[in-house]
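Asker: what would the 3D arrangement of this be:
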Amino acid sequence: MFTNSSVHTRGKYKDVIKESSRTMKLVNSWTEDELGNKKEVTASLHSSAGNAYLELGDFDNALHEHKQDHAIAKAL
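Answerer: Got it, this is the predicted structure:
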């Protein structure tokens with residue numbers, strides 16, 4: 001059973017995922033000239049989403065996001 005606190009916390013993690021996705025779309029619309037650290041920002045957004053999915057117990061999506069983060073970091 002969820003307590004009010006755990007429901008609130010779950011909502012916060014879902015907000016992180018939603019905001020990471022929204023921000024990723026914005027970042028992807030910019031060129032590397034417009035955002036010099038675009039790859040680092042993108043990797044960080046994937047990491048944030050991955051951490052939120054992990055906290056929600058959604059391990060498949062957490063792994064997917066962290067693999068994306070890792071692939072970008074590896075290429076830097």
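Asker: quick one: distance of stretch 14-30 to the chain centre.
Answerer: Centroid separation between stretch 14-30 and its chain, computed with Cα atoms, centre = their mean, to the nearest Å, is 8 Å.
Asker: contacts for it?
Answerer: L35, K38, V41, T42, L45, H46, S48, A49, N51, A52, Y53, L56 (Cβ atoms under 8 Å, 6 or more residues apart in numbering). (Each C-beta comes from the backbone N, C-alpha and C, glycine too.)
Asker: tell me which residues touch the last one, please.
Answerer: Under the criterion of Cβ under 8 Å, 6+ apart, the contact partners of L56 comprise R10, Y13, K14.
Asker: helices along this structure, start to end?
Answerer: 4-28, 38-56, 59-75 (DSSP state H).
Asker: burial measure for A71, as a count.
Answerer: 11 (other Cβ atoms under 10 Å).
Asker: how far away is it from R22?
Answerer: Distance of A71 to R22, given as Cβ to Cβ, to the nearest Å: 21 Å.
Asker: now for K74, how many residues are close by?
Answerer: That count, for K74 with other Cβ under 10 Å as the rule, works out to 8.
Asker: for E65, which non-adjacent residue is closest in space?
Answerer: Leaving aside its chain neighbours, E65 sits nearest to G50 (3.3 Å; criterion: Cβ to Cβ, 6 or more residues apart in numbering).
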